[in-house]
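Student: Pasted the sequence and its predicted model underneath.
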Amino acid sequence: MIIVNGRLELTANHIEALKPAFGAMETASRNENGCFDYTFSVEVNEPGVVRITERWESMEALRVHFATPHMSAFQAAMSEHSPTTAEVHFYEVERELPRP
């Protein structure tokens with residue numbers, strides 16, 4: 001499984017303007033083959049920080065995701081409301097542990 005963890009710093013106005021793009025991206029991505037989860041969230045204690053959390057079946061599923069029309073549309077929206085900082089990390093996970 002591939003876990004993607006992203007962190008974007010944006011202005012409140014940019015977050016508001018991007019909400020439709022965030023929603024569209026979540027919906028379209030969750031309907032892709034190999035996507036287990038795709039979520040944007042605003043941090044409670046840092047309201048200018050948006051987290052991106054994704055879970056994918058494989059790197060191949062993620063590569064297909066990067067080539068989708070909704071990814072292109074999302075990148076266009078992001079270019080109009082660029083974050084001041086952006087970090088994205090990818091992790092390969094062998095297995096999910098049961099809850100303690």
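Tutor: Ah, there it is.
Student: which stretches of this structure form helices?
Tutor: With DSSP state H, the ranges of helices along the chain come out as 12-30, 59-66, 69-80.
Student: closest to L97 out of those?
Tutor: helix 59-66 (21.2 Å; CB to CB). To be clear about C-beta, it is placed using only N, CA and C from the backbone, and glycine gets the same treatment.
Student: and the most centrally placed residue in the chain, what does it touch?
Tutor: Taking CA atoms, centre = their mean, the centroid of the chain lies closest to I52, which sits 3.8 Å from it. With contact taken as CB atoms under 8 Å, 6 or more residues apart in numbering, I52 is in contact with V4, N5, G6, R7, L8, T39, F40, V88.
Student: picking up where we left off before, adding mean neighbour count, write the helices of the chain out as TSV.
Tutor: Shown next, in TSV, are the helices of the chain (neighbours: other CB atoms under 10 Å):
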stretch	mean neighbour count
helix 12-30	15
helix 59-66	14
helix 69-80	13
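Student: what sits up against stretch 63-72?
Tutor: By CB under 8 Å, 6+ apart, stretch 63-72 touches A24, M25, A28, S29, E32, N33, G34, C35, W56.
Student: Please give me every residue in contact with W56.
Tutor: M1, I2, I3, V4, G34, C35, F36, L62, H65.
Student: typo on my end, A73
Tutor: A21, A24.
Student: what about the residue nearest to E57 when sequence neighbours are not counted, neighbour count?
Tutor: Residue nearest to E57 in three dimensions, not counting chain neighbours: G34, with 3.8 Å by CB to CB, 6 or more residues apart in numbering. G34 has 17 neighbours, counted by other CB atoms under 10 Å.
Student: can you check I3 too?
Tutor: Count around I3 with other CB under 10 Å applied: 16.
Student: coming back round to it: distance to S72 and pLDDT added to the contacts of stretch 63-72, as JSON lines?
Tutor: JSON lines is the format used below for those (distance: CB to CB, whole Å; pLDDT from 0 to 100):
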{"residue": "A24", "distance to S72": "12", "pLDDT": "98"}
{"residue": "M25", "distance to S72": "11", "pLDDT": "98"}
{"residue": "A28", "distance to S72": "11", "pLDDT": "98"}
{"residue": "S29", "distance to S72": "13", "pLDDT": "98"}
{"residue": "E32", "distance to S72": "14", "pLDDT": "98"}
{"residue": "N33", "distance to S72": "18", "pLDDT": "98"}
{"residue": "G34", "distance to S72": "19", "pLDDT": "98"}
{"residue": "C35", "distance to S72": "17", "pLDDT": "98"}
{"residue": "W56", "distance to S72": "18", "pLDDT": "98"}
